[in-house]
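Trainee: model the structure of this input:
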Amino acid sequence: MNPDYSPLIPLLIVIGVPLLVFAALYNRLVGLRNLVRESWANVDTELKRRYDLIPNLVETVRGYATHERGVLEEVARARAAAVASTGRPASQAADENVLVHALKSLFAVVENYPQLQASQSFLKLQQSLVDTEDRIQAARRFYNANVRDYNTRCQTLPSNLIAGMFGFMPADFFEIEAAIERQAPPVQFK
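Mentor: Predicted coordinates:
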């Protein structure tokens, strides 16, 4: 009563192996796409942290540099545009870079006010911004590494065939400048 299944085994292998490979490639693409989305959420969280620091920074500078109104308004406008930006990472990066340049202008103004540079509240805010910039850059690097892996998978054989069939589109990299960077301590030899 044991029928002979031996002719079915090669048929199962010929059909089953490609199906398993197909499923594995599809699942890998889904996993990478989800990793890109998750790492973008980390970037977004760090950007929001920076957005929250900026109003306090502007108010602190405003107290000392009352005649620098144009710079302060530019920072506020750039922050509002960056907060409102919800497009693809490449378009959001453009808004972020406008904000970065506005912040650099703000810090250039700060250099003209030694009493502001000595203010404890300003120093705390500046340190918080430096720490946040470090976190943004780390999250950006992690996101871009995941985008690289995902895009590579979408563009190489055989997974590019599956990516094309199921609409997996390449992701955008996120390239922004740091608004403020850690300063290395000066070294002087005598």
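
Trainee: residues making contact with the helix or strand of the chain with the lowest mean pLDDT?
Mentor: Lowest by mean pLDDT, DSSP states H and E among the helices and strands of the chain is helix 114-118, with a mean of 86. Here helix 114-118 makes contact (C-beta atoms under 8 Å, 6 or more residues apart in numbering) with Thr60, Val61, Tyr64, Ala65, Val110, Glu111, Phe122, Leu123. (Glycine included, C-beta is placed from N, CA and C.)

Trainee: wait, what's in contact with the first one?
Mentor: If a contact means C-beta under 8 Å, 6+ apart, then Thr60 has Leu116, Ser119, Ser121, Phe122, Leu125 as its contacts.

Trainee: so, low pLDDT: which residues of the chain?
Mentor: In the predicted model, the chain carries pLDDT under 70 at residues 1-3, 181-190.

Trainee: helices of that one, residue ranges please.
Mentor: Counting by DSSP state H, the chain has helices at residues 8-64, 69-84, 89-110, 114-118, 120-155, 159-165.

Trainee: how distant is stretch 59-72 from the center of its chain?
Mentor: Chain-centre distance of stretch 59-72: 29 Å, with C-alpha atoms, centre = their mean, to the nearest Å.

Trainee: buried residues in it?
Mentor: Thr60, Val61, Tyr64, Ala65, Glu68, Val71, Leu72 (16 or more other C-beta atoms under 10 Å).

Trainee: from those, which two are the most distant?
Mentor: Greatest spatial distance among the buried residues of stretch 59-72 (C-beta to C-beta): Thr60 and Val71, at 13.4 Å.
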